[in-house]
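Trainee: please work out how this folds:
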Amino acid sequence: MSSPHIKSAAVAAVLTALDEGRTPERPVFREAVRTLLAVLAERAPGRSVEVRVPPYGAVQCVPGPRHTRGTPPNVVEMDPVTWLELAVGRLGWAEAVTEGRVRVSGIRADLSEHLPL
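Mentor: This is a model prediction of the structure:
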């Protein structure tokens, strides 16, 4: 967790709430998810994979062929809790995929080399 974005107040607040068994406040959860998605896009620039964390956000990242129309061929989708756990290293990529917590499609949809952030 070396990035100042990852140490943001929103990320810390969400992790604390989850650790205490509470549901994080929706606006704070949204900010934390979007902050970490932005870090991913910075560290893995590109437009070949779309990472979706409904209902809070999505980014395109990872170098490779650019997608411009329709449904992207490489999609990664997960819930907000899974995204936070992956981004900060509390959950491993392989474990999340195996457990069905992450849905992937496409040959470039493996984010294991980019996580944790």
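Trainee: what comes up buried for stretch 91-100?
Mentor: Taking 16 or more other CB atoms under 10 Å as the neighbour-count basis, stretch 91-100 is seen to contain the buried residues 91, 93, 96-97. C-betas here are computed from N, CA, C, even on glycine.
Trainee: turn those into CSV, including secondary structure.
Mentor: Formatted as CSV, the entries for the buried residues of stretch 91-100 read as follows, by DSSP: H, G, I helix; E, B strand; the rest coil:
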residue, secondary structure
Leu91, coil
Trp93, helix
Ala96, helix
Val97, helix
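Trainee: ok, so of those residues, who is nearest Asp19?
Mentor: Distance to Asp19, by CB to CB, is smallest for Leu91 among those, at 13.8 Å.
Trainee: and the longest helix for the chain?
Mentor: Ordering each helix of the chain by length in residues (DSSP state H) puts helix 26-43 first.
Trainee: contacts for the helix or strand following that one?
Mentor: Of the helices and strands lying after helix 26-43 in sequence (DSSP states H and E), the nearest is strand 49-53. Strand 49-53 is touched from outside by 33, 37, 40, 58-62, 64, 67, 72, 74-80, 83, 106, 108-109, 111, with contacts defined as CB atoms under 8 Å, 6 or more residues apart in numbering.
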